[in-house]
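J.: Sharing a sequence plus its predicted fold:
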Amino acid sequence: MSLEAAHNTNIAVHEHEEHLAHQFMNRAQQDESYIVGMWSFLVTEILFFGALFLCYSIFRIQYPMAYQEGHEELSWQLGCLNTLILLTSSLTMVLAVHAAQVNKRILAAGWLVVTCFLAAGFLVVKLAFEWYPKYLHHLIPGVHFHWPHEGFSEVAPGKAELFFGLYFAMTGLHGIHVVIGIGIMGVLAIMLLLNHKSTQYYMPIELAGLYWHFVDIVWIFLFPLFYLIGKR
Amino acid sequence: MSIQHAPAHDASVQHNTEPKKNYLNAEHSVASWLLTKDHKRIAVLYLISITFFFIIGGVAASLIRAELTSPHGHLFTNDGYNKLFSAHGIIMVFFFLVPSIPATIGNFIIPLMIGAKDLAFPRLNLLSWYLYSIGGLIALGAMISGGVDTGWTFYTPYSSVYSNGQVVATLIAVFIAGFSSIATGINFIVTIHKMRAPGLTWFRLPLFIWAHYATSVIIVLGTPVVAITLALVAVERVFPIGIFNPAQGGDPLLFQHMFWFYSHPAVYIMVLPSMGIISEVIANGSRKRIFGYELVAFSSLAIAGFGFLVWGHHMFVTGESVYLAMVFSLISFLVAVPSAIKVFNWTATIYKGNITLHAPMLYALGFIGLFTIGGLTGLFLASLSVDVHLNMTYFVVAHFHYVMVGGAIFGFMAGLHFWWPKITGRLYDELWAKIAAAIIFLGFNLTFFPQFVLGYLGMPRRYHYYPPEFQVWNVMSTAGSSILGVGYLIPAIYFGLSLFYGKKASPNPWNAVGLEWQTASPPPTENFEDIPIVTWEAYDYTTLPDVESDLDYPSLEGDGAIAGFHSGGSK
């Protein structure tokens, strides 16, 4: 019925009709709508994270010493490793999008799976080698929080707790986005392998790519802000 | 730019011949409603849901007014009263006012107005309704199982450390509802950018579309900030991360900045769509193009822009820098400029218009008066010295109810009456609608005008004990709220009756221009049989032939009023 209605208009709707949702008149309109929609969503994401970056900046100006001493509990080596992993995953994502554009279905699925594994690797480093040791060292804000430098540092435990609160809130929110990304890319990879109708059309993979690059860019900001605070 | 006036269109001719398929009778199963991707059905789902929450919020309001008839607080405990006004605020703001016009009337009318078959993302639209419903049910559950006493503003550190209510559940509910709002905002932005019919350029768009575009920009830029802010409060209740807790070096004022960064623009989320409706109704009721169309369109964007730069006026007395306060005060005054442009241009549109006082027009006129009072008293509050006297008093309560009820809800009622024949395919009882509009106007003013006086005399908000000399004003206010309640009940009755006994509506019962009136009432699932091609400006009422004779509005028989409107151009 929708095709009939579209047929009556002056706009030709002959190419790729099988991937045209009923509300659109042609593929160009559909593609542009998806792209504008995804970028609008990314704008909301920027503001979502932006509020946290605002909190980070305000307290960094107020309590530079807490940030200084807090960051020394973080391992810049592990941060570097994770940056490397995520940047590589951005590359594999680009390759997946390219493969989808040129209709290499299996290759696109393959690169998506690689991207998923890299994202999972990021999470393993984050959780097993960074968060878990912090739990063992009582650096999770809460009743068990213990600031090891108490007594011979000028940073009050409450302010150190604030630093770690921001660290866990910001890397945690980023981590949730990584998990969502793994879900999206995993589902797309499976759909590609099954040759599902939606993924014969490359736009879903393009949109997932935009999302994944956004997740990477957030980390590009988180990494120096938490791990690379200069030595005294 | 030729304008064609054909006497009838295919869609309207078929209307007489047989009961044809429309979006309401296309399918009948429950699943066809709960899993629908049709923007019109989702709008109806939203309309039912927000009405439900409006009733709950309204009952809470009535209980507040009942409590305040006595200066001694007989009905509720202190704790109970705190939970009551918090419930009223949270339900009304997050679960009624914010989604009210965009998600119902906007959802239904925007694709019709721009000649599209649906919103750009129908599934996202359905998801938005589910998120809203889930959020609403969680909030309701939280209120039944203990409630919150933080007020709708959730100020820290009370909300994050000390309050014992169901704060976390309520915050989660608002967080989820926020994402339903974001989904609607993104959908509208994309739809308005990409889905307009051929020939429908930006400056041929009805002002309703401009208003919803501005609203969507606010939703997309503001809502994520309040979402993360409220999420941080919820996290802080579980882990003492301390961002908003002064005991740990955190900053409660930072919470207020982040909260009002959304919650002040949220006022414009509520009132801008309302202004869009008023533009449609005034143009139809005066049978004139809106005076200064471009200025009214840009004033919506200006309100959205300035609206993001005034949040600090909520914090003049809570400790922000006095220099910051001066800047915020100045910018708050600047918001009055685009608002006044709208009010003056509507008034100029009515001037020497061919005026019809149908029920939507009565609400629109009420809107202009009440919004003007609400807006001007806002300037009192934006003045630094005056605000010290008026802050946290009933003056503030009266001010924002004039904007939110007198503005947003009057606009909502105007729109609901205006498009009711399009949504349901039935005409409501115009006489009762006019009576109800008058009762609501009187009841509203009697409820809230005394609160300006109370506030000026110094009665603080959020207390249920007050000095006995304030009682007479409070009794007046409560009496007004009873009248207002009756006023809302009458539309519920005649709208309900119209569904079963109302006359069938013609495609264009108001003899209005606009693409939504060119398709059947109710519209078919695909909205238009042919996608229209637009070659005319919005609101070109002056070029409509035979205007006088067709102006008896809904009391007309079915197709009596379709004499003159634009043909779809496809012929």
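T.: Okay, I see it.
J.: Could you point out the helix or strand that follows the host helix or strand of A:Lys159?
T.: Using DSSP states H and E, A:Lys159 falls within helix A:157-193. Tracing the chain C-terminally past helix A:157-193 and defining elements by DSSP H and E, one meets helix A:203-227 next.
J.: is that next one anywhere near chain B?
T.: No: figure legend: helix A:203-227 not in contact with chain B (C-beta under 8 Å from any C-beta of the partner chain); closest approach 11.6 Å. Quick note: C-beta positions are derived from backbone N, CA and C, even for glycine.
J.: Taking helix A:157-193 as reference, get the angle to that helix.
T.: 160 degrees (axes from the mean of the first three to the mean of the last three C-alpha atoms, to 10 degrees).
J.: Can you name every helix or strand that helix A:203-227 contacts?
T.: helix A:27-62, helix A:76-101, helix A:105-124, helix A:157-193 (3 or more C-beta pairs under 8 Å, 6 or more residues apart in numbering or on different chains; DSSP states H and E).
J.: between it and helix A:76-101, how many degrees?
T.: Going by the same axes, to 10 degrees, helix A:203-227 makes 170 degrees with helix A:76-101.
J.: Just want the angle from helix A:203-227 to helix A:27-62.
T.: 10 degrees.
J.: TSV for the helices and strands packed on helix A:203-227, including mean pLDDT?
T.: Shown next, in TSV, are the helices and strands packed on helix A:203-227 (pLDDT from 0 to 100):
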stretch	mean pLDDT
helix A:27-62	95
helix A:76-101	96
helix A:105-124	96
helix A:157-193	94
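J.: Out of those, flag the one nearest chain B.
T.: Chain B lies closest to helix A:157-193 among the helices and strands packed on helix A:203-227, at 2.5 Å (C-beta to the nearest C-beta).
J.: Give me the buried positions along the closest one.
T.: Using 16 or more other C-beta atoms under 10 Å in any protein chain shown as the test for burial, helix A:157-193 gives A:157-171, A:173-175, A:177-178, A:181-182, A:184-186, A:188-189, A:191-193.
J.: Likewise for stretch B:517-524?
T.: Buried, per 16+ other C-beta under 10 Å, within stretch B:517-524: B:Trp517, B:Gln518, B:Thr519, B:Ala520, B:Ser521, B:Pro522, B:Pro523, B:Pro524.
J.: Give me every residue in the stretch 401-550 of chain B lying close to chain A.
T.: B:Glu526, B:Phe528, B:Glu529, B:Asp530, B:Ile531, B:Ile533.
J.: Now rank those residues by neighbours and give me the top one.
T.: B:Phe528 (25 neighbours; other C-beta atoms under 10 Å in any protein chain shown).
J.: would you turn the residues of the stretch 401-550 of chain B next to chain A into CSV with pLDDT?
T.: As requested, these are exported to CSV (pLDDT from 0 to 100):
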residue, pLDDT
B:Glu526, 92
B:Phe528, 91
B:Glu529, 87
B:Asp530, 87
B:Ile531, 88
B:Ile533, 91
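J.: Take the residues you listed and keep only those in helices.
T.: Using DSSP state H, no member of those falls within helices.
J.: right, and the pair among those residues with maximum separation?
T.: B:Glu526 and B:Ile533 (16.7 Å; C-beta to C-beta).
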